[in-house]
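Colleague: Show me how the following folds:
(one chain, ligands or ions: 1)
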Amino acid sequence: MVLAAEKNAPVGTAARNWEHDPVLSVEHLTMRFGGLVAVGDLSFDVGRGDITALIGPNGAGKTTVFNCVTGFYKPTEGRIIMRHGPGRQERAVDAVTASGLRWMKEADSGVFLLERMPDHEISHKAKVARTFQNIRLFGGMTLLENLLVAQHNPLVVASGFTFGGIFGLPSYRRAEQAAIDKAVYWLERTRLIDRADDPASDLPYGAQRRLEIARAMCTGPELLCLDEPAAGLNPRESAELNELLKYICDEHKTSVLLIEHDMGVVMEISDHIVVLDYGVKISDGDAETVRTDPNVIAAYLGVEEEEEIDVPEVLQDVAETLGEAEKSGSKPKAKAASRSSAGAGGRAKASKPATGTKKTKRTTRGTGKGDKA
Ligand SMILES: Nc1ncnc2c1ncn2[C@@H]1O[C@H](COP(=O)(O)OP(=O)(O)OP(=O)(O)O)[C@@H](O)[C@H]1O
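Modeller: Sure, this is the predicted structure:
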């Protein structure tokens with residue numbers, strides 16, 4: 001097996017695809033929701049053929065970045081460049097930027113400015129596919145139908161936008177068979193072929209996650225964005241997911257950008273990790289660089305922030321709350337509990353070790369989150 005760090009490495013150097021061959025570049029991205037800066041002046045690259053992980057504590061801005069990349073949000077500021085074909089293609093990028101166009105395509109290459117494009121063009125033209133933190137399948141449709149719906153665009157074109165399909169023209173029948181073949185291929189790859197005719201909602205959770213990935217792959221993406229693909233999976237399912245993602249990268253040359261809290265998954269499969277905290281990049285590099293970065297450790301443990309609370313103060317709050325509750329004969333309310341859970345971060349899944357530190361961080365982020373994609 002090819003080690004992640006060796007993949008595509010020029011002889012004698014470590015592989016850093018994101019530096020010399022980025023499929024995606026996020027440049028000075030800012031996303032504001034009213035007064036809240038969810039992402040502030042963020043820049044990073046995603047290497048072609050790499051698995052890149054976007055990590056950070058809860059509320060760090062990861063999903064907001066995904067929503068900007070996939071067109072669910074229009075960024076307040078910044079440029080998001082998607083590239084087909086090798087290299088940075090700087091002249092093409094400058095030309096599209098200056099022209100006011102959304103994209104420019106040549107034979108095997110293309111440059112797409114995603115912040116200018118509506119979401120359907122981002123998936124169809126720029127070939128960026130995504131899955132969601134909350135699974136979004138068509139529950140009443142079979143697995144096969146879910147994968148055919150994902151191939152709606154080529155089928156509509158092949159049908160001549162209606163009549164070819166109605167009259168069953170040979171070109172449409174060929175396109176339809178190709179769509180079925182592709183769906184069957186991905187059902188096999190995701191080990192779901194035996195359930196092809198079952199409704200998607202009948203699948204167990206882990207299988208639904210695989211079906212989402214299969215559906216995204218049916219669109220033939222250059223970049224696959226996965227929002228917490230390992231959430232809710234057991235260790236065996238997580239290991240299978242790792243294999244599937246490596247397969248997608250190695251065999252299909254699809255680049256993967258994933259948000260993930262499961263550090264086992266992230267550290268094992270990622271070529272490149274970008275760490276956010278409070279919408280700002282705090283670390284960027286390979287797994288070893290990030291794992292040992294003091295900024296990352298501090299962010300995950302919730303220390304060294306501008307606003308801190310003393311543990312004795314929290315304990316006093318607890319004592320007061322319990323005292324009040326005893327007097328009134330009621331159950332203690334969550335006043336102190338909520339404070340202390342905020343202090344524990346309320347943020348990352350990475351467990352906070354029981355340290356003897358005197359201070360603990362208070363999470364002060366806005367909570368006015370709207371519907372989360
Ligand atoms: N549509 C929205 N309207 C207002 N605020 C929002 C919106 N979407 C996100 N936010 C805020 O932006 C910040 C970043 O949220 P985001 O969901 O991007 O973080 P995250 O890193 O993905 O968190 P998690 O790991 O919990 O999914 C949070 O403070 C959140 O409340």
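
Colleague: Averaged pLDDT, the helix or strand hosting residue 181. What do you get?
Modeller: Taking DSSP states H and E as the criterion, residue 181 maps to helix 170-189. Average pLDDT, helix 170-189: 85.

Colleague: Flag every buried residue along that helix.
Modeller: Going by neighbour count (16 or more other Cβ atoms under 10 Å), the buried part of helix 170-189 is 172, 175, 176, 179, 182, 183, 186, 187, 189. Just so you know, the C-beta spots here come from the backbone N, C-alpha and C atoms, and that holds for glycine as well.

Colleague: So what's the gap between that helix and the chain middle?
Modeller: With Cα atoms, centre = their mean, to the nearest Å as the basis, helix 170-189 stands 27 Å off its chain's centre.

Colleague: by contact count, what packs against that helix?
Modeller: If you count contacts as 3 or more Cβ pairs under 8 Å, 6 or more residues apart in numbering; DSSP states H and E, helix 170-189 packs onto helix 143-149, helix 152-158, helix 163-166, helix 205-217.

Colleague: quick one: that helix to helix 205-217, angle?
Modeller: Between helix 170-189 and helix 205-217, the angle comes out at 140 degrees (axes from the mean of the first three to the mean of the last three Cα atoms, to 10 degrees).

Colleague: May I have helix 170-189 exported as PDB, CA atoms only?
Modeller: Output of helix 170-189 as PDB, limited to C-alpha atoms (Å, rounded to 0.1, in the frame of the first residue of the first chain):
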ATOM      1  CA  PRO A 170     -30.900   4.600 -28.500                       C
ATOM      2  CA  SER A 171     -28.700   7.500 -27.200                       C
ATOM      3  CA  TYR A 172     -31.000   7.800 -24.200                       C
ATOM      4  CA  ARG A 173     -31.100   4.100 -23.600                       C
ATOM      5  CA  ARG A 174     -27.300   4.000 -23.700                       C
ATOM      6  CA  ALA A 175     -27.000   6.900 -21.200                       C
ATOM      7  CA  GLU A 176     -29.600   5.200 -19.000                       C
ATOM      8  CA  GLN A 177     -27.600   1.900 -19.000                       C
ATOM      9  CA  ALA A 178     -24.400   3.800 -18.200                       C
ATOM     10  CA  ALA A 179     -26.100   5.400 -15.200                       C
ATOM     11  CA  ILE A 180     -27.300   2.100 -14.000                       C
ATOM     12  CA  ASP A 181     -23.900   0.500 -14.400                       C
ATOM     13  CA  LYS A 182     -22.300   3.400 -12.500                       C
ATOM     14  CA  ALA A 183     -24.800   3.000  -9.700                       C
ATOM     15  CA  VAL A 184     -24.300  -0.700  -9.500                       C
ATOM     16  CA  TYR A 185     -20.500  -0.200  -9.400                       C
ATOM     17  CA  TRP A 186     -20.800   2.200  -6.400                       C
ATOM     18  CA  LEU A 187     -23.300  -0.100  -4.600                       C
ATOM     19  CA  GLU A 188     -20.700  -2.900  -5.000                       C
ATOM     20  CA  ARG A 189     -17.800  -0.700  -3.800                       C
END
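
Colleague: coming back round to it: if I average pLDDT within each of the helices and strands packed on helix 170-189, which one is lowest?
Modeller: helix 163-166 (a mean of 58).

Colleague: tell me the contacts of the closest residue to residue 147 other than its chain neighbours?
Modeller: Leaving aside its chain neighbours, residue 147 sits nearest to residue 183 (3.6 Å; criterion: Cβ to Cβ, 6 or more residues apart in numbering). When contacts are counted by Cβ atoms under 8 Å, 6 or more residues apart in numbering, residue 183 touches 144, 147, 148, 151, 214, 218.
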